[in-house]
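Undergrad: After the sequence you'll find the predicted model.
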Amino acid sequence: TAWIYELYAKLGANVCVVLRLSGPLKEQYAQEHGLDFQRLLDASTYKEAYRRDMIRWGEEKRQTDPGFFCKKIVEGVLQPIWLVSDTRRISDIQWFQKAYGAVTQTVRVVASEQSRQQRGWMFIPGVDDAESECGLDNFGSFDWVIENHGDEQCLENQLENLLEFIHTRL
């Protein structure tokens, strides 16, 4: 997600905000289960201990209201550009498309398994194959596909193209 913050820095805080669906999910989960919200936000063993149950709990919330977490993150946001850094489900994209129509642009970031492993990722059955991790694998057509295989110049060129597009819409 570092590329998102790079894009955010280039656009500026007056124009752009980074929104995380996992933020309100983890905050609500922490409140309901008496856990440390801040520790659920990082990539710690603390978060990993609760990750499977947190995924199950979030799915239950979404079954009741598919836009539950989407609505929470956009409340009071004034900037015209929203970078939702962790959209993981088709229902999340559908909610934004229904609520905001044609201004919604979808960006898919892809990385080879090898490059992900070089960054420390390890596959965990029952977690990394859950909808929360691969629910968009069969989404279909994204407006943008960013390849993040470790080639910094290639990534930079792709981000510049996206940035140029965003500037045409401001």
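TA: Here it is on my side, so go on. Numbering: from 1, shown residues only.
Undergrad: Next SSE downstream of the worst-scoring helix or strand of the chain on mean pLDDT?
TA: Ranked by mean pLDDT, DSSP states H and E, the helix or strand of the chain with the weakest confidence is helix 131-134, at a mean of 75. Later in the chain than helix 131-134, the nearest helix or strand by DSSP states H and E is strand 144-147.
Undergrad: buried set for that next one?
TA: Going by neighbour count (16 or more other Cβ atoms under 10 Å), the buried part of strand 144-147 is Ile146. In short, each C-beta sits where N, CA and C put it, glycine included.
Undergrad: Just name whatever secondary elements the helix or strand that that strand is followed by is in contact with.
TA: Next helix or strand after strand 144-147 toward the C-terminus (DSSP H and E): helix 152-169. Helices and strands touching helix 152-169, by 3 or more Cβ pairs under 8 Å, 6 or more residues apart in numbering; DSSP states H and E, are helix 2-11, strand 144-147.
Undergrad: Could I get the CA-only coordinates of helix 152-169 as PDB?
TA: These are the backbone C-alpha positions of helix 152-169, laid out as PDB (Å, rounded to 0.1, in the frame of the first residue of the first chain):
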ATOM      1  CA  GLU A 152      10.400   0.800  -8.900                       C
ATOM      2  CA  GLN A 153      10.600   2.600 -12.300                       C
ATOM      3  CA  CYS A 154       7.800   0.600 -13.800                       C
ATOM      4  CA  LEU A 155       5.600   1.300 -10.700                       C
ATOM      5  CA  GLU A 156       6.400   5.000 -10.900                       C
ATOM      6  CA  ASN A 157       5.400   5.200 -14.500                       C
ATOM      7  CA  GLN A 158       2.100   3.500 -13.800                       C
ATOM      8  CA  LEU A 159       1.400   5.900 -10.900                       C
ATOM      9  CA  GLU A 160       2.200   8.900 -13.100                       C
ATOM     10  CA  ASN A 161      -0.400   7.700 -15.700                       C
ATOM     11  CA  LEU A 162      -2.900   7.300 -12.900                       C
ATOM     12  CA  LEU A 163      -2.000  10.700 -11.500                       C
ATOM     13  CA  GLU A 164      -2.400  12.400 -14.900                       C
ATOM     14  CA  PHE A 165      -5.900  10.800 -15.200                       C
ATOM     15  CA  ILE A 166      -6.900  12.100 -11.700                       C
ATOM     16  CA  HIS A 167      -5.800  15.600 -12.600                       C
ATOM     17  CA  THR A 168      -8.000  15.600 -15.700                       C
ATOM     18  CA  ARG A 169     -11.000  14.900 -13.300                       C
END
